[in-house]
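[1] Below are the sequence and a predicted model; questions follow.
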Amino acid sequence: MDKKVNQWLESEQKKAFDYLYSQDFKFSESQNIYYKKITFNSRKIDLKVLIPNEYPLKYPKFYIDDKSWHLTYPHIEEYKTSIGSSICYLEDEDKVPVMDGATIIKNELTRILSIIDEYHNNTFQKDDFLLEFDSYWSDEIIYLDLYNQLQEAQILKISNVKKFGRVISTNIDNTINNFTVLNHEITKTEDILFLPFSNYISYPLPTTYSKIMNIIRELGYEDFLRTNINKYKMSKVVLFSFFIGKEIHFGTFTLHSIKNVVPKLLPDYDIKKGRVKRIDRERIFTRGGNNLTRDISMNEITVGVIGCGSLGGSLAFKLAKSGVKNFILIDKDFLDIGNIARHICGMKYFKLSKVEAIKMLILEHFPDCNIEISNQDAIDSLELIDKANLIVSAIGSEGNIFEHFFSQLNDRPKIFTWFEADIAGQIIFTKSKIEDFNKLTSKIRVTKEEYISSLSKNDIGCNSMFTPYSFIDAENTVNHVARFITNFISKKGNLKEEVWTIFGDNELNKDKIEVEYQDSPAFSIKKRPLLGLTDD
């Protein structure tokens, strides 16, 4: 590290050390930590402070030398080292940069002492235990593939998946299929009990066998448990659900060998706790930023994408990332070296058909997607196209014969999208027939007539014409098409027929674009009703 930076760090750390000494902390050379005796519930315990080497660029860490604090007070990690239990007092996003070494240690020590005071006076928030449930309930990690809503006690399946872990499933056939797509081998499948605990998980958390059994008895599940737990191929792991606010949450516990006769005195051993991570679509897409992504992920719309090059291929992948589950992909071409620079699929997929490459890419992320493909010409794939609820022609230019045929269809919504090299991207959305597709594309074209031929280049060989444009310009158009489609899905198809023109760098391309567009800002978008553009 730079010498001046080291000198600054050392000077700021000295300010922190001086402040800690002023507060009667001592330094332990063996643990490289500052400590001080504090009185808590009439007992003397050590409060410890670790100053990181990068302080004040990294915040101090605080520990309490008392094993009983874990699961007694919130925000306390399990006592796993000789230092003690870590106090998780701040989320990372709350750690604002403070360059003064004395100020930061003074502020954070004051915060920690305030937290300890809440514990001492029993004024801490009990609900924090539920909000941090996964941090406490984490002896192991088990995955849940949830296809059905779980409301009643029942028997599910739990599988061992190589290179992944244990997976509980509410539809084992779907789960096996999805992992088979990913080339993950399932080595063992057992039955597993599920028990809904409703709102019975609260403070203090039921971490012993006796406390879990008390909940099971109170809810009336004891006979169900005793009848099934010792059956052949029944896992000793039990899945349970509970609510945090209005959201359902899951955990597991593992029971030791249980006799069919319930003992009069329940043994009070600690249960093995399992943190459950859901891998189903509904859970995955809750992290999409808002409810839109999750709603789309549960929608059964089928999107047909004709053309899976740099436009259509990237579009299909973005739609999958946005929650779309069902696809029809059509493209007769194969992935060649010339495609790699701007195609979303790389060298791994070289020489594969573009539709097969995109299908594999999507399934690597979302193995439960339903994807039908055709590497024939679009005109020979009409039967397959007919299955789509929304058809997107992403061939890349407006000159394809199929697009003229496609524009005559009037029985379903459709999108035409293409590039004018790096000058502009175009989107046409229509639910009806377009009488003269050539005339429409001429009306909305941004590029001057004399420059149109220069947008296409000939490579070495016959029929090797291509249109040069950069990946970033292509993605700009793709993003707008993806946005249009997600709006279409969320609004159940109730969108106006429109034309969107997505401009490139108009300042750079000013001499190549029509006069009417020259005042449009670079990288802006122009939206127009389709009706006025199709009028004679």
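    Thanks, I have it.
[2] The worst-scoring helix or strand of the chain on mean pLDDT: what's the following helix or strand?
    Every helix and strand of the chain was ranked by mean pLDDT, DSSP states H and E. The lowest is strand 465-466, at a mean of 44. Downstream of strand 465-466, the next assigned helix or strand under DSSP states H and E is helix 471-490.
[3] which outside residues touch that next one?
    Outside helix 471-490, the residues that touch it by C-beta atoms under 8 Å, 6 or more residues apart in numbering are 292, 295-296, 299, 301, 303, 310-311, 314-315, 318-319, 322, 324, 341-342, 390, 392, 394, 413, 415, 417, 419, 422, 425-427, 429, 495, 500, 502, 504, 523, 525. Placement of C-beta: from N, CA and C, glycine included.
[4] taking those one by one, which sit in helices?
    In helices, defined here by DSSP state H, the members of those are 292, 295, 296, 314, 315, 318, 319.
[5] Check pLDDT for these and point me to the minimum.
    On pLDDT alone, residue 292 ranks lowest of those, at 80.
[6] In a helix, residue 147, correct?
    No. Applying DSSP: H, G, I helix; E, B strand; the rest coil, one finds residue 147 to be coil, outside a helix.
[7] That one reaches residue 172, doesn't it?
    No. Applying C-beta atoms under 8 Å as the test, residue 147 and residue 172 come out as separate, 9.6 Å apart.
[8] hmm, back to that, ok, and the most crowded of the ones in helices among the contacts of helix 471-490?
    Among the ones in helices among the contacts of helix 471-490, the one with the most neighbours (other C-beta atoms under 10 Å) is residue 315, at 29 neighbours.
[9] Now do the same for residue 505: its pLDDT.
    At residue 505, the model reports a pLDDT of 90.
[10] neighbours around it, how many?
    That count, for residue 505 with other C-beta under 10 Å as the rule, works out to 12.
[11] shouldn't it be in contact with residue 422?
    Yes. Assessed by C-beta under 8 Å, residue 505 is found in contact with residue 422 at 7.5 Å.
[12] Would you indicate which residues of stretch 362-380 are buried?
    Neighbour-count burial for stretch 362-380 flags 362, 363, 366, 367, 368, 369, 371, 372, 373, 374, 375, 378 (criterion: 16 or more other C-beta atoms under 10 Å).
[13] again, but for stretch 436-450
    Neighbour-count burial for stretch 436-450, counted by 16+ other C-beta under 10 Å, picks out 437, 440, 441, 444, 445, 446, 447.
[14] likewise stretch 517-535?
    517, 520, 525, 530, 533, 534.
[15] returning to what we had before: can the ones in helices among the contacts of helix 471-490 go into TSV with extra columns for distance to residue 274?
    Below are the ones in helices among the contacts of helix 471-490 laid out as TSV (distance: C-beta to C-beta, whole Å):
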residue	distance to residue 274
292	32
295	30
296	31
314	39
315	39
318	35
319	34
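[16] re earlier: which ones among the contacts of helix 471-490 lie within strands?
    Within the contacts of helix 471-490, residues falling in strands by DSSP state E are 303, 390, 392, 394, 415, 417, 419, 425-427, 429, 500, 502, 525.
[17] Please indicate which of the residues you listed are buried?
    Listed as buried from the ones in strands among the contacts of helix 471-490 are 303, 390, 392, 394, 415, 417, 419, 425-427, 429, 500, 502, 525; burial here means 16+ other C-beta under 10 Å.
[18] pLDDT check: weakest of the residues you listed?
    Out of those, that is residue 419, at 89.
[19] Okay, it and residue 508: tell me how far apart.
    16 Å (C-beta to C-beta, to the nearest Å).
[20] what do you get for residue 115?
    Relative to residue 508, and taking C-beta to C-beta, residue 115 is found at 57 Å.
[21] So for those two, which residue has more residues nearby?
    Neighbour comparison, residue 115 and residue 508: the larger count goes to residue 115, with 17 against 11 (by other C-beta under 10 Å).
[22] Could you check how many residues crowd around the residue lying closest to that one once chain neighbours are set aside?
    Residue nearest to residue 115 in three dimensions, not counting chain neighbours: residue 89, with 6.0 Å by C-beta to C-beta, 6 or more residues apart in numbering. When counting by other C-beta under 10 Å, one arrives at 18 neighbours for residue 89.
[23] who touches residue 89 in this structure?
    Counting by C-beta under 8 Å, 6+ apart, residue 89 has contacts 62, 75, 108, 111, 112, 115.
[24] Confirm that the fourth one sits in a strand.
    No. Secondary structure assignment places residue 111 outside any strand; it is helix (three-state DSSP).
[25] Quick check: closest non-adjacent residue to it.
    Residue 111 sits nearest to residue 89 (C-beta to C-beta, 6+ apart), 6.1 Å away.
[26] ok, so what distance separates the one you found from residue 294?
    From residue 89 to residue 294 the distance is 32 Å (C-beta to C-beta).
[27] Can I get stretch 389-405 in PDB? Just the C-alpha atoms.
    Extracted C-alpha coordinates of stretch 389-405, given in PDB (Å, rounded to 0.1, in the frame of the first residue of the first chain):
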ATOM      1  CA  ASN A 389     -49.200 -15.400 -27.400                       C
ATOM      2  CA  LEU A 390     -46.800 -12.700 -28.400                       C
ATOM      3  CA  ILE A 391     -44.500 -12.900 -31.500                       C
ATOM      4  CA  VAL A 392     -41.300 -10.900 -31.800                       C
ATOM      5  CA  SER A 393     -39.500 -10.600 -35.100                       C
ATOM      6  CA  ALA A 394     -36.000  -9.800 -34.100                       C
ATOM      7  CA  ILE A 395     -34.300 -10.700 -37.400                       C
ATOM      8  CA  GLY A 396     -32.200  -7.500 -37.100                       C
ATOM      9  CA  SER A 397     -33.300  -5.600 -40.200                       C
ATOM     10  CA  GLU A 398     -36.600  -4.700 -41.900                       C
ATOM     11  CA  GLY A 399     -35.800  -6.300 -45.200                       C
ATOM     12  CA  ASN A 400     -36.600 -10.000 -44.500                       C
ATOM     13  CA  ILE A 401     -39.400 -11.500 -46.700                       C
ATOM     14  CA  PHE A 402     -40.900 -13.200 -43.700                       C
ATOM     15  CA  GLU A 403     -41.500  -9.900 -41.900                       C
ATOM     16  CA  HIS A 404     -43.600  -8.700 -44.900                       C
ATOM     17  CA  PHE A 405     -45.600 -11.900 -44.600                       C
END
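[28] so how far is that stretch from its chain's centroid?
    31 Å (C-alpha atoms, centre = their mean, to the nearest Å).
[29] could you dump the buried residues of stretch 436-450 to TSV with pLDDT and secondary structure?
    Below are those laid out as TSV (pLDDT from 0 to 100; DSSP: H, G, I helix; E, B strand; the rest coil):
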residue	pLDDT	secondary structure
437	88	helix
440	90	helix
441	89	helix
444	93	helix
445	92	coil
446	92	coil
447	91	strand
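[30] Show me which of those is closest to residue 211.
    residue 444 (68.8 Å; C-beta to C-beta).
[31] I figured the closest one was touching residue 501, is that so?
    Yes. Using C-beta under 8 Å, residue 444 is in contact with residue 501, at 6.2 Å.
[32] Need the overlap of contacts for those two.
    Common neighbours of residue 444 and residue 501 (C-beta under 8 Å, 6+ apart) are 426, 528.
[33] Could you confirm residue 243 falls within a helix?
    No. In this structure, residue 243 is strand, not part of a helix, as judged by three-state DSSP.
[34] Which residue ranges of the stretch 51-200 of the chain form strands?
    With DSSP state E, counting those that start in this stretch, the ranges of strands along the stretch 51-200 of the chain come out as 61-64, 85-86, 140-145, 154-161, 165-169, 186-196.
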